[in-house]
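> Only the shape, not the letters, is given here:
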């Protein structure tokens with residue numbers, strides 16, 4: 001099951017959606033339906049147990065796979081334990097309809113991250 005990217009408008013192109021990793025888990029229970037957006041960034045709270053977040057993609061919202069760039073490098077964020085906003089290339093998620101994130105460790109507490117999307121077209125990716 002996936003959640004639609006929240007339509008909390010910051011400008012006419014940027015949108016934000018919370019994603020919560022529950023204590024004892026390493027990925028949110030639901031991915032995001034990007035629709036006509038790409039994932040442009042993630043705001044991460046301080047104190048994450050994991051040291052990296054992998055970006056996962058899906059074309060059907062059920063089966064998620066780690067995303068990789070054309071040169072084979074994983075699309076991931078390296079964490080340093082501080083609260084920060086990490087910027088991603090919009091090209092990294094332009095080929096998928098659904099995304100999720102995965103910590104490389106089991107989180108010791110609930111962690112709320114904020115996904116930041118940018119609209120790429122007026123029509124939805126199908």
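Received the coordinates, thanks. Just so we're clear, the structure is a prediction, and the values are computed from it rather than from any experiment.

> and residue 54, how far is that from residue 120?
Using C-beta to C-beta, to the nearest Å, one gets 22 Å for the distance from residue 54 to residue 120. Any C-beta I mention is one placed from the backbone N, CA and C, and that applies to glycine too.

> Look at these two and report which has more neighbours.
residue 54 (21 against 17; other C-beta atoms under 10 Å).

> list the buried ones in the strand or helix carrying the more buried one?
Residue 54 is located in strand 52-58, with elements delineated by DSSP states H and E. For strand 52-58, the buried set under the neighbour-count rule, 16 or more other C-beta atoms under 10 Å, comprises 53-58.

> contact partners of that strand?
Contact partners of strand 52-58, identified using C-beta atoms under 8 Å, 6 or more residues apart in numbering, comprise 27, 31, 39, 42, 44, 64-67, 74-79, 88, 92-93, 95-104, 113.

> Looking at that strand now, give me its mean pLDDT.
In this model, strand 52-58 carries a mean pLDDT of 96.
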